[in-house]
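1. generate a structure from the sequence data that follows.
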Amino acid sequence: MSDKKNRYLCKPNNEFKDICIKDDTGQYKSKDGCINDCENKYINTHLIKAHIKGETMKFYLFIKDIIKDHFNVYLKGGNVLGLMILKMIYNKYKNDDDKFESLFDDFLQLNLIKDWDFTAYTKIILNDTYRKKLDDIAAKYKLVPRAKTFILYQTQKPMLIDNNALFEISVLDSENYTKLEIPLTTMKIKVNEYNVKYVFILAKMFLSYKLTNEPFDLDMIKRVLSKFEINIHPSNKGLYSVKNLDMGNLSNKMINFIKDFSKKDNDLMQFLIIHVSDLFRLLYRLPVKNLPKTDLIADFIKNKLDDKIPSWLLDTGNIKIIVNKFVDALSNKTNDIYVNYGVNSVVEFFDGINFNRLRSDYKILSDDSKTMLIHIFKPLIDNNIDNPNNNSLISLTNFIKQQKGGYYDSYTKYKSKYLLQKYSRAII
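-> Coordinates of the predicted model:
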């Protein structure tokens with residue numbers, strides 16, 4: 001008789017807090033046992049209702065397969081940063097429903113949760129043969145490659161959110177610092193065939209909220225947050241805290257220049273090496289994306305969550321000053337090399353830097369970023385440089401000079417000192 005009184009029935013259509021109810025006909029002898037089993041039914045029910053079950057199943061099966069092949073799979077991207085903020089709210093107010101709900105509503109205004117990006121890492125060399133093997137595995141689950149120079153898979157007709165695929169997965173063979181940006185943007189959550197379901201239910205809830213304003217099941221949100229462990233690179237004031245520097249492909253002369261500028265501060269050196277390795281990071285990603293996002297999050301943590309600023313957040317005021325001084329020093333260095341040693345020595349100094357996005361995405365750079373770019377390379381832009389070897393730096397500087405009615409024309413009207421004051425005010 002006592003067994004019947006303590007049995008529980010799974011109700012996956014209920015809110016998560018009520019998915020297991022007492023019922024004499026229930027098949028579960030304990031509530032915990034019921035919840036552990038019924039949770040999967042709850043998630044599947046909601047994925048089916050939202051019409052994303054098919055999409056999530058393709059990624060689930062692909063992830064399950066490559067994990068068997070010794071891949072480590074992570075959830076990465078901006079959403080993990082959003083989950084980090086939610087985790088901070090949860091850790092502080094998980095037992096205070098009213099406060100948690102209030103802060104969750106404030107969190108939604110940050111608009112940090114968007115598309116869901118997985119990344120798989122392997123120690124296997126990703127040559128053409130192995131890529132073909134991955135393509136075959138992906139095709140088995142109706143995932144298709146979406147890039148030529150790296151490995152990225154989406155469904156044939158992906159569900160979209162803000163014109164981006166709701167889910168995608170990339171494959172990499174390493175995660176060196178020079179392939180990253182700052183701790184803020186490189187948080188990650190390790191996923192497996194068992195916990196990836198929590199990613200899918202989160203995706204469903206945020207998608208349904210965005211499309212139909214469907215309320216969140218906050219008890220399910222709390223359940224997910226309790227299960228996730230967020231990995232953050234060791235950091236200090238928002239910079240990677242490094243023991244062994246990753247020099248990337250920069251020239252020895254550039255490394256020595258950065259070393260002298262940084263006064264042998266390894267953390268600052270790594271930050272500058274990362275952002276010089278691809279100057280698009282320094283002139284677009286940092287001022288337009290990462291610094292404003294840092295200020296937004298710092299304000300939320302300080303004024304809404306009433307908590308201390310974590311070590312993974314940059315001191316934006318200090319970084320802006322450093323960047324201004326660095327650009328000025330780099331401009332002077334470029335001019336000195338050009339005047340004393342010629343254009344080939346300038347090219348050699350900047351060897352190993354990726355200039356591709358500065359040219360392809362030149363139009364989205366702000367006026368101040370374009371001014372900084374011209375300031376760095378002014379000697380090359382001022383002179384007609386032949387480019388028989390199609391050097392990427394000379395291609396860029398020739399391209400900048402050709403922009404009609406652009407920022408080069410306005411730049412030449414002013415002295416360097418005035419321009420530095422102009423963009424320092426704009427950035428700081």
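2. ok, residue 301 to residue 282 distance?
-> Taking CB to CB, to the nearest Å as the measure, residue 301 falls 26 Å from residue 282. To be clear about C-beta, it is placed using only N, CA and C from the backbone, and glycine gets the same treatment.
3. which of those two has more neighbours?
-> The residue with more neighbours, out of residue 301 and residue 282, is residue 282; 24 against 18, by other CB atoms under 10 Å.
4. need the strands for this protein, in chain order.
-> 8-10, 20-22, 72-76, 116-121, 143-145, 151-155, 160-161, 164-165, 167-172, 188-191, 230-231, 235-236, 239-240 (DSSP state E).
5. neighbouring strands of the fifth one in the sheet, and parallel or not?
-> Going back to what we said before, that points to strand 143-145. The pairing partners recorded for strand 143-145 under DSSP bridges are strand 151-155 (antiparallel).
6. contacts for the strand it pairs with, please.
-> Residues from elsewhere that reach strand 151-155 (CB atoms under 8 Å, 6 or more residues apart in numbering): 55, 58, 62, 126, 131, 134, 138, 142-146, 165, 167-172.
7. quick revisit: in CSV, list the strands of the chain along with distance to residue 309.
-> Output for those, formatted as CSV (distance: least, CB to CB, whole Å):
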stretch, distance to residue 309
strand 8-10, 43
strand 20-22, 40
strand 72-76, 23
strand 116-121, 26
strand 143-145, 40
strand 151-155, 34
strand 160-161, 30
strand 164-165, 30
strand 167-172, 30
strand 188-191, 21
strand 230-231, 17
strand 235-236, 12
strand 239-240, 14
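8. ok, which of the ones you listed comes nearest residue 248?
-> Closest to residue 248 of these, according to CB to CB: strand 239-240, at 13.3 Å.
9. low-confidence ranges, this protein, go.
-> Counting by pLDDT under 70, the ranges of the chain that qualify are 1-5, 404-428.
10. at the geometric centre of it, which residue do we find?
-> residue 77 (3.4 Å; CA atoms, centre = their mean).
11. residue 35 versus the closest residue to residue 375 other than its chain neighbours, what's the distance?
-> Distances taken as CB to CB, 6 or more residues apart in numbering place residue 331 nearest to residue 375, at 4.8 Å, with adjacent residues excluded. For residue 331, the distance to residue 35 under the criterion CB to CB works out to 62 Å.
12. so what touches stretch 18-28?
-> Against stretch 18-28 from outside (CB under 8 Å, 6+ apart): 4-12, 14, 31, 34-35, 37-39, 41-42.
13. drop anything exposed from those residues.
-> Neighbour-count burial (16 or more other CB atoms under 10 Å) applied to the contacts of stretch 18-28 gives 7-12, 31, 34-35, 37-39, 42.
14. ranking the strands of the chain by burial, who's on top?
-> Of all the strands of the chain, strand 239-240 carries the top mean neighbour count, a mean of 24, counting by mean count of other CB atoms under 10 Å.
15. ok now it, how far from the chain's centre?
-> Centroid displacement of strand 239-240 relative to its chain, using CA atoms, centre = their mean, to the nearest Å, is 15 Å.
16. repeat for stretch 309-325
-> 18 Å.
17. one more: stretch 69-79?
-> Centre-to-centre, stretch 69-79 and its host chain are 12 Å apart (CA atoms, centre = their mean).
18. CA atoms only: put stretch 201-208 into CSV for me.
-> Provided in CSV are the C-alpha atoms of stretch 201-208 (Å, rounded to 0.1, in the frame of the first residue of the first chain):
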residue,chain,number,x,y,z
ILE,A,201,16.0,23.3,-24.9
LEU,A,202,17.6,26.7,-24.2
ALA,A,203,17.6,27.4,-28.0
LYS,A,204,13.9,26.4,-28.1
MET,A,205,13.0,28.7,-25.2
PHE,A,206,14.9,31.8,-26.5
LEU,A,207,13.6,31.2,-30.1
SER,A,208,10.0,30.9,-29.0
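19. residue contacts, the residue nearest to residue 73 when sequence neighbours are not counted?
-> Distances taken as CB to CB, 6+ apart place residue 120 nearest to residue 73, at 4.7 Å, with adjacent residues excluded. By CB under 8 Å, 6+ apart, the residues touching residue 120 are 63, 66, 71-74, 169-172.
20. then residue 126?
-> Residue 126 makes contacts with 151, 171-173, as judged by CB under 8 Å, 6+ apart.
21. ok, so of the residues you listed, who is nearest residue 312?
-> Nearest to residue 312 among the contacts of residue 126, with distances taken as CB to CB, is residue 172, at 21.5 Å.
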